[in-house]
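Novice: Structure of the sequence below:
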Amino acid sequence: MSQYVIGMNPLDNETIGDVMYRRSLDYARRGILVAATSAIDMAVWDAKGKILNVPVHQLLGGKKRDIITPYATGLYFREEKNLTQALAYEVIEYKELGYKAVEMKVGMTIE
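Specialist: Residues are numbered from 1 along each chain as shown. Below you'll find the predicted structure:
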């Protein structure tokens, strides 16, 4: 994806996003393609903020709150002999990293 947008003006972030979107129409638009497009989009917003000397949150419409409580995403259901113990250890790791909340993913399918 980068070969299509390198050299474009980061101030034209909407155009860059449109170019990436149009170039992805023939593909499934998931997985590594979406991850790469997202990474480029974040880099463009960051560059635009640096050029204009404003934080990205201002470019995106302004600050909505003073405090944000981050949370860990994990605790995925998986085939494991002692899943309960493994998940407990994982929660302890998140707590030691300073997280105060965890989003838990459950199940392998909707059923």
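
Novice: From residue 10, how far off is the residue sitting nearest the centre point of the chain?
Specialist: For the chain, the residue nearest the mean C-alpha position is residue 38 (7.3 Å; CA atoms, centre = their mean). Computed as CB to CB, to the nearest Å, the residue 38 to residue 10 distance reads 16 Å. For every residue, glycine as well, the C-beta is placed using N, CA and C.

Novice: and the residue lying closest to residue 55 once chain neighbours are set aside, helix, strand or coil?
Specialist: Leaving aside its chain neighbours, residue 55 sits nearest to residue 49 (6.0 Å; criterion: CB to CB, 6 or more residues apart in numbering). Following DSSP: H, G, I helix; E, B strand; the rest coil, the label given to residue 49 is helix.

Novice: before we move on, what about residue 43?
Specialist: Reduced to three states with three-state DSSP, the structure at residue 43 is helix.

Novice: Report pLDDT for it.
Specialist: With respect to pLDDT, residue 43 has a value of 95.
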